[in-house]
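Participant: Need a 3D model of the sequence below.
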Amino acid sequence: MKRYLLSVVLIAATIAAHAQLEEDFSPNPTGWTLSSGAGFGTIGNGNSVVTTPGVGGNNPASIGTPAVNKTSNTVKVCFDIWAYTANLNNQIAFPCATYADVLFVNSAVTNANDAQVAANIYARQDNYLLPTNGGTTCFTFTFPANVTASDFKVFISFHAGCTQSGTKYVIDNVSISGVTLICGGTNCAPVALDDLFNRGNNNELSFSGALYGSNLNYPSGYTVDATGTDNDQNDAYADLNWKVLTQPVGGSVTVNTDGTFTVTRNSNSITQLTFTYQLTDDGPDNNFLTTADNMTDNATVTINWPAAGSLPVTLVNFNAARNGSTVSLTWTTNIESDNTGFNVQRSNGNGAFETVGFVASKAPDGMSATPINYQYRETNNATGNTYYRLSQVDKDGKTTVSAVKGVRGMQDNARMTVYPNPAQSGNMNVLFGSSAIRNIVITDLSGKTLKQWNDYHDDNMVITGLRTGVYILIATNKATSEKLMQKLVVL
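Facilitator: Reported below is the predicted structural model:
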């Protein structure tokens with residue numbers, strides 16, 4: 001089944017169209033290009049995904065979409081990705097810095113090798129750093145003015161700063177806004193996507209949700225998103241309806257025709273409910289009563305509640321970064337239960353941590369089943385490296401300590417570090433010391449530009465594919481116009 005959407009927002013009875021591609025890989029879709037060992041598979045309780053071997057060497061894994069039409073000059077690319085052990089039994093952190101290159105290529109391309117040919121590439125976004133512990137990653141890309149092609153394919157290629165043997169990647173929920181399916185017919189099937197709701201309150205018996213809400217956080221959470229996922233390529237929201245197909249064991253559900261639902265479990269000893277629903281369009285004649293031309297799609301909804309003794313807070317994406325004398329900590333919770341907040345703790349590397357701040361829970365009464373983002377900033381002029389961690393505090397006073405994140409000292413902040421340099425291969429890592437927005441070029445000794453990245457905003461990047469020789473790396477801070485230069489040597 002093709003998984004393409006013309007998403008339609010319903011907010012206070014106002015309807016606005018948003019075109020996008022959306023794919024949850026359930027069932028295995030047609031038209032996708034999977035290379036270097038990538039393939040369709042399942043994890044956990046049957047969630048359909050794409051799996052690839054961990055990257056390394058000169059054989060990057062990649063996935064490619066079917067051909068789409070460009071409806072906007074600016075597109076937003078999102079996908080979920082995690083690292084797993086080779087047997088797919090355990091989720092792990094990426095073994096080292098791992099990156100995605102996103103290529104917008106000629107729609108005639110049918111394999112990953114051709115997608116890397118310069119003549120086939122309309123535009124590209126390179127070295128997008130993936131979250132260390134996996135999760136949802138998104139970026140927005142604006143096509144250069146000279147890109148006039150109306151249709152293209154999107155290839156996502158992965159590479160890393162080390163060889164990641166014994167590791168597999170799990171990829172799910174690819175979405176690209178600003179595009180539509182090249183449908184090839186007058187009536188495209190509607191798309192109903194599986195949803196997973198992780199609830200945080202064990203005492204909750206009933207709640208209401210939306211089947212057109214985003215499931216980009218599947219399988220670790222759920223966020224209501226009015227831009228929607230369930231939809232149809234050639235029908236508006238008003239031309240769709242939803243209905244329940246199978247009731248959950250241990251509870252009941254009412255699915256309304258507008259895509260909202262209310263589910264109730266019989267008792268709080270039941271920790272999971274599952275039901276199926278059907279999405280129907282009204283066909284080319286826009287009439288539900290003439291059923292011969294109507295098309296349908298089914299999906300499954302799973303709701304999980306915590307059992308007694310479950311962890312009160314699920315913490316993801318904890319990061320620390322320096323910008324000048326300011327250090328910013330950011331983190332996200334997927335679930336909170338009886339959470340008071342977070343003690344921010346700091347160490348100068350001697351093993352002892354001191355509490356330097358407190359961030360209260362944003363969840364009402366410390367309870368939440370949707371992702372919440374947090375930030376803490378402080379002035380830090382330390383010359384050496386500093387290390388931070390979070391100590392989450394329950395209402396009963398119990399604490400849970402996070403992983404430790406380090407930031408560079410002020411003495412290293414202004415430096416651009418390249419390693420290894422010289423390099424035995426064409427692969428190098430660059431640390432900038434901050435996440436300021438930069439334009440980056442690599443030239444040969446004659447000044448000819450060989451590689452270029454515009455508006456690069458991460459504090460590190462991986463350079464690949466340089467042949468034996470001497471090169472110049474120039475990074476220009478867009479805000480200050482300051483230039484940092486470094487000679488690169490490949491042996």
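Participant: Strand partners (parallel or antiparallel) of the helix or strand where Ile474 lies?
Facilitator: Per DSSP states H and E, Ile474 falls inside strand 469-477. For strand 469-477, the pairing partners within the sheet under DSSP bridges are strand 438-443 (antiparallel), strand 483-490 (antiparallel).
Participant: avg pLDDT for the first one?
Facilitator: The reference is to strand 438-443. Strand 438-443 shows a mean pLDDT of 88.
Participant: Touching it from outside, list them.
Facilitator: For strand 438-443, contacts defined as CB atoms under 8 Å, 6 or more residues apart in numbering pick out 432, 449-457, 461, 463, 466, 471-478, 488. Glycine gets a C-beta too; all of them are placed from N, C-alpha and C.
Participant: Which of those are buried, as a ChimeraX select command?
Facilitator: Those of those that count as buried under 16 or more other CB atoms under 10 Å are selected in ChimeraX with:
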select :432,453,456,461,463,466,471,473,474,475,488
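Participant: which non-adjacent residue is nearest Ala123?
Facilitator: Nearest residue to Ala123, sequence neighbours excluded (CB to CB, 6 or more residues apart in numbering): Phe104, at 4.7 Å.
Participant: Run a quick neighbour tally on that neighbour.
Facilitator: Residues near Phe104, counting by other CB atoms under 10 Å, number 25.
Participant: same check, this time on the one 5 residues further on
Facilitator: The local packing count at Val109 equals 21, with neighbours defined by other CB under 10 Å.
Participant: Please apply the same query to the one 5 residues further on.
Facilitator: Close neighbours of Asp114, defined as other CB under 10 Å, add up to 17.
Participant: Please apply the same query to Thr65.
Facilitator: Using other CB under 10 Å, Thr65 has 24 neighbouring residues.
Participant: what do you get for the one 5 residues further on?
Facilitator: Look at Lys70: counted by other CB under 10 Å, it has 20 neighbours.
Participant: And for the one 5 residues further on?
Facilitator: Summarising burial for Val75: neighbours were counted as other CB under 10 Å, giving 25.
Participant: do Val154 as well
Facilitator: Number of residues near Val154 (other CB under 10 Å) recorded here: 22.
Participant: picking up where we left off before, quickly compare the strands paired with strand 469-477 and say which is most buried.
Facilitator: strand 438-443 (a mean of 19; mean count of other CB atoms under 10 Å).
Participant: what's the burial count for Leu431?
Facilitator: 15.
Participant: Quick check, pLDDT for the nearest residue to it once chain neighbours are set aside.
Facilitator: Sequence neighbours aside, Thr417 is the residue nearest to Leu431 in space, at 4.4 Å (criterion: CB to CB, 6+ apart). pLDDT for Thr417: 72.
Participant: again with the one 5 residues further on
Facilitator: Among the per-residue scores, Pro422 holds a pLDDT of 82.
Participant: What residues does the residue nearest to it when sequence neighbours are not counted make contact with?
Facilitator: Of all residues beyond its chain neighbours, the one nearest Pro422 is Val489 (3.8 Å), with distances taken as CB to CB, 6+ apart. Residues in contact with Val489 (CB under 8 Å, 6+ apart) are Asn421, Pro422, Ala423, Val470, Tyr471.
Participant: So the first one versus Lys362, what's the distance?
Facilitator: Think Asn421. Asn421 is 44 Å from Lys362, where distance means CB to CB, to the nearest Å.
Participant: thinking again about what came up before, surely the residue nearest to Ala123 meets Phe152?
Facilitator: Yes - counting by CB atoms under 8 Å, Phe104 does reach Phe152; the two are 5.1 Å apart.
Participant: between these two, what contacts are shared?
Facilitator: Common contacts of Phe104 and Phe152 (CB under 8 Å, 6+ apart): Tyr122.
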